[in-house]
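>>> predicted model, plus sequence, below.
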Amino acid sequence: MTATMMGDIPVTGEQLICGTCHRRSGLGSSEGQEVVPAITGELLYKPLRLPTSKPPLPPEQRPAYTDASLKAAIRNGVGANGEPLGAFMPRYSMQDNDLEILLDYIKSLPTYTAPGVTDEEIHFATIVTDGVSPAGRKAMEDVLHTFFAQKNVETRNESQRAEHAPWHKEWMFKPYRKWKLHVWELHGAQQGWESQLRAYYDEQPVFAVLNGLAEGSWAPIHDFCETERVPCLFPTTDLPVVDEADFYPLYLSKGMTLEAGAIDGHLNDGNAARLVVQVSRAGDARSAAAAQALQSRFDGREARFEHVVLESGQQADDAFWQSVLDAADGNAIVLWLGAGDLESFWVVASAGKTPQRVYLSTTLFNISDFNDIPDALREHLLFVHPYELPDRLNRRLARSTGWLRAKRIYAPDERGIQANAYFTMKMTGEGLKHIRGFFNREYFIERIEHMVDNAIYTSVYPRISLAPNQRFVSKGSYIAQLDNGDKARLQAVSGWLIPGAP
């Protein structure tokens with residue numbers, strides 16, 4: 001495709017895709033002071049009116065488009081009112097046949113209400129699988145149920161207003177619906193999750209899936225949501241599907257894949273070790289995913305890389321750790337393991353040739369186990385930490401903690417789960433407010449993409465951001481060490497590392 005912009009600047013290729021500005025939904029967007037209007041047929045082929053307080057009818061901003069006037073707008077940049085369109089709107093060079101096809105497509109863009117929404121209710125689901133800790137499940141569900149109850153109390157008055165809203169404020173009150181939460185429990189092996197999700201959805205469609213907890217990979221749920229075009233917002237998982245080509249699932253972070261990228265970036269900071277040995281535990285999905293992600297980054301490089309796997313049932317004893325240390329030969333070791341597998345490592349590593357660097361994950365190695373680390377090894381240990389640093393976290397979570405305490409549902413041992421659930425609820429509420437009654441799932445996601453950068457509350461992450469076609473709101477991680485003065489305190493030795501960023 002070819003077109004001109006700003007009067008005489010030729011442009012071609014992907015920069016001309018209508019969805020880049022008007023978005024997948026066709027319901028438009030904005031950037032700064034520039035407003036990109038909706039282009040769905042139902043709206044284009046009606047007069048555009050502005051809501052005002054002056055009856056009987058609001059002023060007309062433009063008349064309804066016809067096929068002829070819409071073709072003129074696309075080719076010549078002339079609106080239905082005869083005025084020139086904005087300078088950022090391309091003037092397309094299109095053959096008649098192609099233009100007819102484009103108009104048919106524009107007319108097909110839906111503005112109808114998505115499944116899961118009625119005139120009175122909007123249905124949501126959250127997902128919990130076997131293997132999730134009862135305490136974690138309760139902590140998450142407490143947040144969702146309490147937020148829903150609070151929202152519905154507030155909505156009751158708005159629903160009454162909507163029944164008698166003046167015509168010029170219908171857009172403000174008509175979107176209000178009672179929220180209804182469904183808890184979808186998934187049982188058994190992951191191979192059976194799709195059929196269970198299908199049965200739940202067939203019984204009661206939902207507008208979106210909110211938060212959720214799963215033991216193992218989120219992939220079957222991701223695939224279901226992508227297939228059914230259901231927004232899947234911010235599940236608490238370390239094993240998301242890392243595929244930015246998909247649209248409907250939005251994640252908090254890339255999880256273990258992110259941690260592998262952060263370690264790789266730190267290893268290659270100019271002081272890279274000549275050799276890297278990593279150890280993972282078979283049967284541990286998070287350990288295996290991190291190890292695979294890190295190994296894939298070394299494929300094709302000249303650097304030496306070895307991967308040692310602790311098989312299921314195999315004990316990480318002195319002999320095992322001695323063989324790992326011999327293989328590392330004083331260079332770098334990456335341990336995708338928890339504290340239970342490292343008891344012998346501390347002893348053997350303290351007595352022998354100490355590695356140049358030992359990387360651990362605070363996702364797998366709990367901070368509460370820091371006191372068990374020998375003093376002789378502390379200066380060699382580096383932790384990948386994809387969250388806010390512990391001594392700053394209380395301040396970061398002040399907003400959610402205050403709400404949780406006020407509602408008497410605060411679970412300090414599960415505060416990460418509750419923080420993520422609260423973040424999901426806040427984004428959902430703001431997103432629904434901004435779609436203004438257009439219960440279009442694609443538009444809902446697009447509004448959330450547009451809002452995250454301005455979010456006041458960022459859950460357990462120091463920085464979040466989102467842009468069109470990005471699927472992960474937290475993109476970085478710290479590399480940290482133990483403080484010499486406080487054996488249980490982490491201090492960052494890197495900035496907020498974003499893998500792949502310059």
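Happy to help now that I have it. Numbers count the residues shown, from 1 in each chain.

>>> which residues sit in contact with the closest residue to residue 257 other than its chain neighbours?
Take residue 257 and drop its neighbours on the chain: the residue closest to it by CB to CB, 6 or more residues apart in numbering is residue 293, 4.5 Å away. Any C-beta I mention is one placed from the backbone N, CA and C, and that applies to glycine too. In this structure, residue 293 makes contact with 256, 257, 260, 261, judged by CB atoms under 8 Å, 6 or more residues apart in numbering.

>>> quick one: stretch 132-146 to chain centroid distance?
Here stretch 132-146 is found 20 Å from its chain centre; the criterion is CA atoms, centre = their mean, to the nearest Å.

>>> for it, list every residue counted as buried.
132, 136, 137, 139, 140, 141, 142, 143, 144, 146 (16 or more other CB atoms under 10 Å).

>>> then stretch 95-105?
Result for stretch 95-105 [16+ other CB under 10 Å]: buried residues 99, 102, 103.

>>> give me the pLDDT for the last one.
The one in question is residue 103. pLDDT, residue 103: 94.

>>> correct me, but it touches residue 71?
Yes - between residue 103 and residue 71 a contact is recorded at 7.3 Å, counting by CB atoms under 8 Å.

>>> residue 444 looks like it's in a helix, true?
Yes - under DSSP: H, G, I helix; E, B strand; the rest coil, residue 444 falls within a helix.

>>> thought it was touching residue 208?
Yes - assessed by CB under 8 Å, residue 444 is found in contact with residue 208 at 7.0 Å.

>>> what about these two, which has more around it?
Neighbours per residue (other CB atoms under 10 Å) separate residue 444 from residue 208, with residue 208 holding more: 26 against 23.

>>> the residue nearest to residue 183 when sequence neighbours are not counted is in what secondary structure piece?
Closest residue in space to residue 183, ignoring its immediate chain neighbours: residue 126 at 5.8 Å, by CB to CB, 6+ apart. Secondary-structure assignment from DSSP states H and E places residue 126 in strand 121-129.

>>> which strands and helices lie in contact with that strand?
helix 134-163, strand 178-186, helix 193-203, strand 208-210 (3 or more CB pairs under 8 Å, 6 or more residues apart in numbering; DSSP states H and E).

>>> contact partners for residue 123?
Counted by CB under 8 Å, 6+ apart, residue 123 has contacts 116, 117, 180, 182, 204, 205, 206, 207.

>>> dump the residues you listed into CSV; add neighbour count and distance to residue 481 as well.
As requested, the contacts of residue 123 are exported to CSV (neighbours: other CB atoms under 10 Å; distance: CB to CB, whole Å):
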residue, neighbour count, distance to residue 481
116, 21, 48
117, 20, 50
180, 18, 48
182, 16, 45
204, 13, 50
205, 15, 50
206, 24, 45
207, 25, 45
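
>>> out of those, which comes closest to residue 351?
For the contacts of residue 123, the residue nearest residue 351 by CB to CB is residue 182; the value is 56.1 Å.

>>> give the bridge partners for that closest one, please.
Residue 182 has these beta-bridge partners by DSSP bridges: residue 125.

>>> give me the pLDDT for it.
For residue 182, pLDDT reads 98.

>>> wait, doesn't it sit right on residue 122?
No - checked against CB under 8 Å, the pair residue 182 and residue 122 is beyond contact range at 11.6 Å.

>>> contacts only, for the closest residue to residue 190 other than its chain neighbours.
Once flanking residues are discounted, residue 190 sits nearest to residue 220: 5.1 Å by CB to CB, 6+ apart. Counting by CB under 8 Å, 6+ apart, residue 220 touches 190, 191, 193, 194, 197.

>>> now the second one: phi and psi?
The phi and psi values for residue 191, taken as degrees, to the nearest 10, are phi -60, psi -20.

>>> against residue 287, how distant is it?
From residue 191 across to residue 287, the span is 22 Å (CB to CB, to the nearest Å).

>>> who has more neighbours out of the two?
Set residue 191 next to residue 287 and count neighbours by other CB under 10 Å: residue 287 wins out with 25 against 8.

>>> going by neighbour count, list what's buried in the helix or strand the more buried one falls within.
If you go by DSSP H and E, residue 287 is part of helix 285-298. Across helix 285-298, burial judged by 16+ other CB under 10 Å covers 286, 287, 288, 289, 290, 291, 293, 294, 295, 297, 298.

>>> now do stretch 364-379
Judged by neighbour count (16+ other CB under 10 Å), stretch 364-379 contains these buried residues: 364, 365, 370, 373, 377.
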